[in-house]
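got a predicted model here, sequence first, then my questions.
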Amino acid sequence: MTSKAAPPPDAADPGALSPGPTPEAFVQVQQSAEFAALRRSHHSFAFPLTIAFITWYLLFVFLSNYAGGFMGTKLFGNINVALVFGLAQFLSTFLIAWFYSRHASTKLDPQAEAIKSRMEADA
């Protein structure tokens, strides 16, 4: 069996191995206002959306269990309220993933990249 992985850098070459940031540097960044803003930006988006989705999902489950007559109401043809609610669950999941992806790429990633770049420059 052959390995296509590159050989490890030569330990005798001081430029080959970068020690990277120290644990203290990580603690310092974690306590910084910049990192707090990144965390706040993530939490202010993720928590409300998570609560909304869980509420939406539980509404579907409760209506399915306790409002069978309503959920069985035919809207057109053989399509009833339950089917529409069920398919809307998939749609909302994809929309949330898309919204989060957009939020992460426009707000979170630039902030995280700035923190990462600063840490790598200091290392």
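Great, that's in hand.

checking Pro21 next. Helix, strand or coil?
Under the three-state scheme (DSSP: H, G, I helix; E, B strand; the rest coil), Pro21 adopts coil.

burial measure for it, as a count.
16 (other CB atoms under 10 Å). (C-beta placed from N, C-alpha, C; glycine too.)

pretty sure it contacts Arg118?
No - at 9.8 Å, Pro21 does not count as touching Arg118 under the criterion of CB atoms under 8 Å.

check which helix or strand covers the residue sitting nearest the centre point of the chain.
In the chain, the residue lying closest to the centroid (CA atoms, centre = their mean) is Tyr100, at 6.4 Å. Using DSSP states H and E, the element containing Tyr100 is helix 81-103.

next: Leu75.
Secondary structure (DSSP H and E) places Leu75 in strand 74-76.

in the sheet, which strands lie alongside that strand, parallel or antiparallel?
strand 79-80 (antiparallel) (DSSP bridges).
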